[in-house]
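> I would like the atomic coordinates for the input below:
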Amino acid sequence: MKRIVGATIGNCIHVMGLHHFLELAASLGYQTEFLGQGLSIPQVVEFCLKEKPDIVALSYRLTPETAEPMFRELKEAREKHNLKSTFIFGGTPSVAEKAKASAAFDRVFSTESTMDIVAYLRGIQSRRESCAIAQTLPERIEQTYPYPLIRHHYGRPTLEETVKGARRIAESGVLDILSIGPDQNAQEFFFRQEIMHNALDGAGGVPLRKPEDLTEIYLATRCGNFPLVRCYSGTNDLDKWAVMLKERINNAWGAIPVCWYSELDGRSRRTLRDAIRENIEVIRWHAQNGVAVEVNESHQWALRYCSDVIEVVTAYIATYIAKCAGVKHYVMQYMFNTPPGVSPKMDLAKMLAKMEMVEAMQDENFRIYRMVRTGLASLSADFNVAKGQMASSIFFAMAIKPHIVHVVGYSEGDHAATADEVIESCKIARGAIENALLGLPDFASDNEVQERKRRIKSECSVLLDAIKNMGDDTDASLADPDVIVKAIKIGLLDAPQLKGRPCARGRDVTRIINGACMSVDPETGEPIDEKERIRRILESGGK
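Below you'll find the model as predicted:
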């Protein structure tokens with residue numbers, strides 16, 4: 001067991017930061033000892049000569065000019081006595097600059113986050129040695145958990161700005177996963193550029209036009225803390241996108257829907273049946289090629305104001321399909337604040353229901369990672385308000401102990417984030433995360449939360465049984481494209497904003513009631529349970 005000792009030096013009596021550092025080190029298995037406040041350099045040196053600790057952590061938070069002579073004295077003593085201990089320093093930014101310049105310390109900390117300090121104590125030399133930083137999702141989670149990985153998407157209207165910004169973001173070390181956001185032209189027509197609408201170049205993201213563009217962005221991130229890189233999939237040719245992303249950016253994970261990017265949402269011209277079949281094959285390709293998978297399905301339904309029950313059921317179906325396809329590492333996204341108007345209490349109940357149902361499928365061959373995010377539509381166009389909304393959402397979402405926090409930048413209610421806004425948003429998120437990790441109350445034990453969770457799960461069982469009854473009445477029906485198509489066509493799976501789509505019923509009516517999104521009787525506005533909703537659908541023949 002390595003031994004860390006700590007002290008403030010000179011006339012500094014500010015021990016809170018040092019105390020927190022030693023507590024953190026102790027929680028990670030170090031033997032720690034506080035030597036005292038205001039020690040002189042000779043006292044520190046004498047202790048090191050006698051006790052030979054592995055690491056000596058010193059702190060000074062006063063005037064930089066008074067620190068300089070002590071730093072010089074320490075450097076000379078280390079050289080004179082050939083001290084073998086590792087010396088690290090923590091202090092205010094102005095003092096930390098003097099500490100770095102003195103060359104008296106092996107590592108200097110100032111504004112780094114708790115997660116950076118944990119990475120250091122675990123032997124991960126972030127910002128210094130790329131070989132020490134994991135470059136696969138499971139390994140990187142293993143290095144940091146319970147501190148979640150931070151993800152943010154980024155894609156500016158030009159490749160040049162995106163490359164420069166990606167480098168700046170990586171150098172800042174504020175995130176662990178950079179998600180490249182291509183423009184809509186690239187997502188739909190990258191492999192069909194002869195029909196691309198050039199007037200829309202740069203709309204919604206970076207205009208990727210050749211594989212080398214991805215390589216250029218990826219290489220720009222090979223600095224700082226060497227973040228993992230991933231990219232939104234295409235809405236057409238998902239199989240070709242999958243191969244290209246693995247080859248060009250070592251795609252951290254693929255995000256593939258079950259039903260979407262089809263005639264269901266109009267983001268491609270694929271029929272719903274063809275899209276489901278093709279999407280399942282792409283999920284299977286990722287599994288066979290060792291790439292983690294997110295099936296971004298249930299929040300697509302929630303964005304169209306489906307009921308809580310349908311949102312949870314589609315999450316279950318998506319997870320079941322991924323497991324059947326052989327996926328080993330599965331990213332389950334929990335989009336909070338969606339649809340807008342849901343209460344934190346009912347949001348948590350929905351997420352707990354979803355989590356318990358999908359994680360029941362987890363085993364030694366199927367690992368599920370929880371990823372939380374703020375719902376984009378919940379963010380105000382007023383940046384100061386949006387910052388508060390984003391931070392509070394992340395703080396609350398920490399209740400489900402996520403492995404990944406997908407930060408939705410505070411500017412997204414107005415425009416796609418610049419590099420500086422990505423960095424600022426991630427720093428705000430880090431603050432919320434670190435406060436939450438100090439210890440949250442058990443929100444999940446709230447009686448109303450538990451009751452709503454139980455009700456959702458019970459209703460989900462009814463709906464899942466009805467869907468299975470349309471096939472061979474087994475779980476395998478949930479992965480049958482024909483069954484899923486029929487369930488959407490007649491309205492077992494439905495959402496208000498699907499009205500007018502040729503492959504969907506679009507007749508379900510939902511309302512936010514007491515903070516939860518429920519199916520209601522279109523005439524009375526009163527909630528109806530799944531048995532009644534399904535009875536009405538079947539009696540009407542899905543019309």
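> from the middle of its chain, how far away would stretch 446-463 be?
Relative to its chain's centre, stretch 446-463 lies at 26 Å (C-alpha atoms, centre = their mean, to the nearest Å).
> quick one: contacts for the nearest residue to E434 once chain neighbours are set aside?
Distance criterion C-beta to C-beta, 6 or more residues apart in numbering; nearest residue to E434, sequence neighbours excluded, is T114 at 4.9 Å. Every residue, glycine included, has its C-beta placed from N, CA and C. Applying C-beta atoms under 8 Å, 6 or more residues apart in numbering to T114 gives the contacts L24, Y147, E434, L437.
> looking at the residues you listed, which are in helices?
Under the assignment DSSP state H, the contacts of T114 contribute L24, E434, L437 to helices.
> so which of the residues you listed comes closest to Y334?
Closest approach to Y334 among the ones in helices among the contacts of T114 (C-beta to C-beta): L437, at 17.7 Å.
> just the element for the residue of the chain most remote from its centre, please.
If you look at how far each residue of the chain sits from its centre, by C-alpha atoms, centre = their mean, the farthest one is K80, at 48.4 Å. Element membership for K80, per DSSP states H and E: helix 64-81.
> quick check: what element follows that helix along the chain?
Sequence-wise, the next helix or strand downstream of helix 64-81 (DSSP H and E) is strand 86-91.
> now do that next one against helix 64-81, angle only.
Put simply, strand 86-91 runs at 180 degrees to helix 64-81, going by axes from the mean of the first three to the mean of the last three C-alpha atoms, to 10 degrees.
> rewinding a little: buried subset of the contacts of T114 as a ChimeraX selection?
Per 16 or more other C-beta atoms under 10 Å, the buried members of the contacts of T114 correspond to this ChimeraX selection:
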select :147
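> adding pLDDT as columns, could you present the contacts of T114 in JSON lines?
Below are those laid out as JSON lines (pLDDT from 0 to 100):
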{"residue": "L24", "pLDDT": "87"}
{"residue": "Y147", "pLDDT": "92"}
{"residue": "E434", "pLDDT": "90"}
{"residue": "L437", "pLDDT": "90"}
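> just give me the closest of the contacts of T114 to C517.
Nearest to C517 out of those is L437 (C-beta to C-beta; 29.7 Å).
> of all the ones in helices among the contacts of T114, which comes closest to H197?
Using C-beta to C-beta, E434 comes nearest to H197 of the ones in helices among the contacts of T114, at 44.2 Å.
> the closest one is in contact with S113, isn't it?
Yes: using C-beta atoms under 8 Å, E434 is in contact with S113, at 6.5 Å.
> quick check, I217 in a strand?
No: looking at I217 with DSSP: H, G, I helix; E, B strand; the rest coil, it is helix, so not inside a strand.
> mind listing what it touches?
I217 touches L159, T162, V163, A166, I180, V206, V229, I249, counting by C-beta under 8 Å, 6+ apart.
> please name the nearest non-neighbouring residue to the fifth one.
Leaving aside its chain neighbours, I180 sits nearest to C231 (4.1 Å; criterion: C-beta to C-beta, 6+ apart).
> how deep is the one you found tucked in, by neighbour count?
For C231, the number of neighbouring residues by other C-beta atoms under 10 Å comes to 29.
> tell me the contacts of it?
C231 makes contacts with S179, I180, G181, P182, L214, W241, L245, I249, N251, as judged by C-beta under 8 Å, 6+ apart.
> now the helix or strand hosting the fifth one, how far from the centre of its chain.
Going back to what we said before, that points to L214. Applying DSSP H and E as the criterion places L214 in helix 211-220. Centroid displacement of helix 211-220 relative to its chain, using C-alpha atoms, centre = their mean, is 22 Å.
> over to stretch 34-47?
Averaging C-alpha positions (C-alpha atoms, centre = their mean) puts stretch 34-47 43 Å from its chain's average.
> cool, stretch 271-287 as well?
The chain centre lies 24 Å from the centre of stretch 271-287; the measure is C-alpha atoms, centre = their mean.
> now the helices: where do they sit in the stretch 51-200 of the chain?
Along the stretch 51-200 of the chain, counting by DSSP state H, counting those that start in this stretch, helices occupy 64-81, 93-102, 114-121, 137-144, 159-172, 184-189.
> in the longest one, what counts as buried?
Neighbour-count burial for helix 64-81, counted by 16+ other C-beta under 10 Å, picks out P64, A67, M70, F71, E73, L74, K75, A77, R78.
> quick one, the lowest-mean-pLDDT helix or strand in the chain and strand 86-91 angle?
Here the helix or strand of the chain ranked lowest by mean pLDDT, DSSP states H and E is helix 114-121, holding a mean of 82. Between helix 114-121 and strand 86-91, the angle comes out at 170 degrees (the same axes, to 10 degrees).
> off-centre distance for helix 114-121?
That offset, for helix 114-121, works out to 19 Å (C-alpha atoms, centre = their mean).
> how about F395, secondary structure?
Look at F395: counting by three-state DSSP, its state is helix.
> which other helices and strands does the helix holding K80 contact?
Contacts defined by 3 or more C-beta pairs under 8 Å, 6 or more residues apart in numbering; DSSP states H and E place helix 64-81 against helix 41-51, strand 55-60, strand 86-91, helix 93-102.
> which one of those lies closest to M390?
M390 lies closest, by C-beta to C-beta, to one member of the helices and strands packed on helix 64-81: helix 93-102, at 25.2 Å.
> residues in contact with the closest one?
For helix 93-102, contacts defined as C-beta under 8 Å, 6+ apart pick out 60-64, 67-68, 71-72, 74-75, 89-91, 105, 108-111.
> recalculate using a threshold of 10 Å.
12, 58-75, 87-91, 104-105, 107-112 (C-beta atoms under 10 Å, 6 or more residues apart in numbering).
> what do you get for stretch 473-485?
By C-beta under 10 Å, 6+ apart, stretch 473-485 touches 258-259, 264, 271-280, 313-314, 316-325, 464-465, 467-472, 486-487, 492-493, 503-504.
> which parts of stretch 378-390 are buried?
Buried-residue list, stretch 378-390, by 16+ other C-beta under 10 Å: S378, L379, A386, K387, Q389, M390.
> if you could redo that for stretch 270-286, that was the one I meant.
By 16+ other C-beta under 10 Å, the buried positions in stretch 270-286 come out as 270, 272-273, 275-276, 278-280, 282-286.
> go on, stretch 176-190?
Within stretch 176-190, the residues that count as buried by 16+ other C-beta under 10 Å are 176-190.
> repeat that for stretch 254-271.
Residues of stretch 254-271 classed as buried: 254-265, 267-268, 270 (neighbour count, 16+ other C-beta under 10 Å).
> equivalent analysis for stretch 7-21, please.
Using 16+ other C-beta under 10 Å as the test for burial, stretch 7-21 gives A7, T8, I9, G10, C12, V15, G17, L18, F21.
> burial measure for I512, as a count.
Other residues within reach of I512, judged by other C-beta under 10 Å, total 15.
> swap in the one 4 residues further on?
Applying other C-beta under 10 Å, we find 23 residues neighbouring A516.
> just to check, it is in contact with K350?
Yes: at 7.4 Å, A516 counts as touching K350 under the criterion of C-beta atoms under 10 Å.
> need the overlap of contacts for those two.
S307, D308, V309, V342, R452, I456.
> before we move on, the earlier item: would you mind getting the angle between the helix holding L214 and helix 159-172?
Interaxial angle of helix 211-220 relative to helix 159-172 (the same axes, to 10 degrees): 30 degrees.
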